[in-house]
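below are the sequence and a predicted model for it; my questions follow.
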Amino acid sequence: MSVTVLLFASYADALGAPSVSVDLPPEATVADVLADIARRPGAQLLPARPLVAVNQRYAATTTRVSAGDEIALIPPVAGG
Amino acid sequence: MSVTVLLFASYADALGAPSVSVDLPPEATVADVLADIARRPGAQLLPARPLVAVNQRYAATTTRVSAGDEIALIPPVAGG
Amino acid sequence: MNAARLVRDPIDAAALVREVSAPSYGAILLFLGVVREVNDGRGVTGIEYSAYEAMAHRELEAIAAEATDRFVSSGVVIVHRLGELALEEASVGIAVAHGHRDEAYALSRWVIEELKRRVPIWKREHYVDGTREWVDPANRLVEVSP
Amino acid sequence: MNAARLVRDPIDAAALVREVSAPSYGAILLFLGVVREVNDGRGVTGIEYSAYEAMAHRELEAIAAEATDRFVSSGVVIVHRLGELALEEASVGIAVAHGHRDEAYALSRWVIEELKRRVPIWKREHYVDGTREWVDPANRLVEVSP
């Protein structure tokens, strides 16, 4: 299956796009998404374990990912 | 000498006037002012030692009082 | 900067914020004390504030100056209203500004506590039953003078 | 009551105060985070705020709801601005109200700390030398992925 991963702020700059499409095996988890991202050009500018949100909630690396989920990498937040 | 003592809020209500004139001996102190006030009708509604300001500053009972000083009794404050 | 005023017209929140603003500040905090419908279980319809005006103004100015001395590079504006206030109207407005929020919160708190401790202002609450009473926040018993 | 919004227009301090007001409150506190001219010793000319908007809005609403749960009988309105901000403009406005000031201060502080901890909003500072940089408040070193 394929999922879209949203990128923001410094992460979008690092990977050169506001989102990327990631191919995943069935029964994939957030860790699989991160492993794919880590192989891409520019990913060396990201921390080893960036925060991830699945369907607009912070998720663990073990969180399951399904087709249609809204996945996002969350750079260090700086609101306020 | 004679000084005017300003009264406010519940103290003005108690003594029935916004100010009273007090006759004092030379070299008088705040304690002399309070002793005079305590003898007046309505003074039983005041605390034994009301706060006093002399020339718009909080004063001790030992503070000297001179002719022309601005003297005031200060009820419990309730600003804010 | 610091400033302090006694006023009879409604307190303008936006104007206080503008007045305390400057490019060196990262945090602004506005405290408003407002007339509420209940105090100590009694229904309140309004509050009348009065003051020993000359001394109250002097004390407010002293508090504002002491505040900006204690918290270096800060701004403080204190406004206290006098007269008859209706429910939801602000009796006091304290706008403070600082580079950082920790200091802004500490500063705001310090100012309101000092104001309540020492500024000669009094309030008489008007109750739903038509009675009026001077408020003693410390609930000190009125002692009989000897 | 509680409410939370992301906006692109300037934050209206007086409107936030009005929105959070009610006759049961005795203390209102408005916190404004504003763009300052210096950050970590560098001259700043403006800040650009961006967000993962859907999630940021959801988190802001969750914080406002949790705040009014933690502090019974309180009001909370949170507004965060996005886009290009000039010096002295407010990026965030948090209006809280409670019967008493102790709770109002605690509530205000809790909301801003939660907001800074978890709401997916980012800022890029523009410096006097013409450069721009994303701000990492924790100053975490950017680690190289394995």
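Looks like it came in fine. Remember, it's a predicted structure, so these values are computed and weren't measured experimentally. Numbers count the residues shown, from 1 in each chain, chains lettered A, B, ... in the order given.

please name the nearest non-neighbouring residue to the residue in chain A that chain C sits nearest to.
Using C-beta to the nearest C-beta, the closest approach of chain A to chain C is made by residue A:80 at 8.4 Å. From N, CA and C alone the C-beta is placed, and that goes for glycine too. Among residues not flanking residue A:80 along the chain, residue D:116 sits closest, at 4.4 Å (C-beta to C-beta, 6 or more residues apart in numbering or on different chains).

go ahead and confirm that neighbour touches residue C:27.
No - with contacts counted by C-beta atoms under 8 Å, residue D:116 stays clear of residue C:27, the gap being 11.8 Å.

residues from chain A in reach of chain D?
A:6, A:8-10, A:13, A:38, A:43-48, A:53, A:56-58, A:70, A:72, A:74-80 (C-beta under 8 Å from any C-beta of the partner chain).

can you pull the buried residues of the top helix by length along chain A?
Longest helix in chain A, counting residues (DSSP state H): helix A:30-38. Across helix A:30-38, burial judged by 16 or more other C-beta atoms under 10 Å in any protein chain shown covers A:30, A:32, A:33, A:34, A:35, A:36, A:37, A:38.

in stretch C:43-60, which residues are buried?
Under 16+ other C-beta under 10 Å, the buried positions of stretch C:43-60 are C:44, C:46-52, C:54-60.

where in chain C is pLDDT low?
C:139-146 (pLDDT under 70).

which ones are touching the spatially most central residue of it?
Note on chain C: the residue nearest the mean C-alpha position is residue C:92, at 3.4 Å, using C-alpha atoms, centre = their mean. Shown in contact with residue C:92 (C-beta atoms under 8 Å, 6 or more residues apart in numbering or on different chains): B:79, B:80, C:11, C:31, C:32, C:33, C:78, C:79, C:80, C:81, C:112, C:115.

three-state assignment of the third one?
Meaning residue C:11. coil (DSSP: H, G, I helix; E, B strand; the rest coil).

what is the neighbour count of it?
By the criterion of other C-beta atoms under 10 Å in any protein chain shown, residue C:11 has 22 neighbours.

now do the phi/psi pair for it.
Dihedral pair for residue C:11: phi -80, psi 130, per degrees, to the nearest 10.

my guess is residue C:114 meets residue C:63, correct?
Yes - counting by C-beta under 8 Å, residue C:114 does reach residue C:63; the two are 4.8 Å apart.

for the chain, which segments count as helices?
No chain specified, so I'll use chain A. Per DSSP H, chain A carries helices over the ranges A:9-15, A:30-38.

other chain: chain C
Under DSSP H, chain C gives helices at C:13-20, C:53-70, C:101-118.

right, is the second one up against chain D?
What it means is helix C:53-70. No - Helix C:53-70 does not reach chain D (C-beta under 8 Å from any C-beta); its nearest approach is 15.8 Å.

render the CA-only coordinates of that helix in PDB, please.
Output of helix C:53-70 as PDB, limited to C-alpha atoms (Å, rounded to 0.1, in the frame of the first residue of the first chain):
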ATOM      1  CA  GLU C  53      -7.300  59.900  45.700                       C
ATOM      2  CA  ALA C  54      -4.100  61.800  46.200                       C
ATOM      3  CA  MET C  55      -2.500  59.000  48.300                       C
ATOM      4  CA  ALA C  56      -3.900  56.200  46.100                       C
ATOM      5  CA  HIS C  57      -2.400  57.800  43.000                       C
ATOM      6  CA  ARG C  58       0.900  58.100  44.800                       C
ATOM      7  CA  GLU C  59       0.900  54.500  46.000                       C
ATOM      8  CA  LEU C  60      -0.100  53.200  42.500                       C
ATOM      9  CA  GLU C  61       2.800  55.200  41.000                       C
ATOM     10  CA  ALA C  62       5.200  53.900  43.700                       C
ATOM     11  CA  ILE C  63       4.100  50.300  42.900                       C
ATOM     12  CA  ALA C  64       4.600  50.800  39.200                       C
ATOM     13  CA  ALA C  65       8.000  52.200  39.800                       C
ATOM     14  CA  GLU C  66       9.100  49.500  42.200                       C
ATOM     15  CA  ALA C  67       7.800  46.900  39.800                       C
ATOM     16  CA  THR C  68      10.000  48.100  36.900                       C
ATOM     17  CA  ASP C  69      13.000  48.400  39.400                       C
ATOM     18  CA  ARG C  70      12.500  44.800  40.500                       C
END
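
other residues contacting that helix?
With C-beta under 8 Å, 6+ apart as the criterion, helix C:53-70 contacts B:53, B:56-57, B:70, B:72, B:79, C:1-6, C:74-78, C:80, C:82, C:96, C:107, C:110-111, C:114-115, C:118-121.

the inter-axis angle of that helix versus helix C:101-118?
Angle of helix C:53-70 versus helix C:101-118, following axes from the mean of the first three to the mean of the last three C-alpha atoms, to 10 degrees, is 150 degrees.

ditto for the shortest one
For helix C:13-20 against helix C:101-118, the angle by the same axes, to 10 degrees is 110 degrees.

hey, where'd the strands end up in chain A?
All strands of chain A, identified by DSSP state E, fall at A:2-6, A:19-23, A:51-54, A:57-59, A:71-74.

what's the closest of these to residue D:102?
Ranking those by proximity to residue D:102 (C-beta to C-beta) places strand A:57-59 first, at 31.4 Å.

same for that closest one, what does it pack against?
strand A:51-54 (3 or more C-beta pairs under 8 Å, 6 or more residues apart in numbering or on different chains; DSSP states H and E).

Throw the buried residues of helix A:30-38 into a markdown table and include distance to residue B:64 and pLDDT, thanks.
As requested, the buried residues of helix A:30-38 are exported to a markdown table (distance: C-beta to C-beta, whole Å; pLDDT from 0 to 100):
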| residue | distance to residue B:64 | pLDDT |
| --- | --- | --- |
| A:30 | 79 | 98 |
| A:32 | 86 | 98 |
| A:33 | 82 | 98 |
| A:34 | 79 | 98 |
| A:35 | 85 | 97 |
| A:36 | 86 | 97 |
| A:37 | 81 | 98 |
| A:38 | 82 | 97 |
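
just the closest of those to residue B:63, please.
Among the buried residues of helix A:30-38, and counting by C-beta to C-beta, the member closest to residue B:63 is residue A:30, at 73.5 Å.
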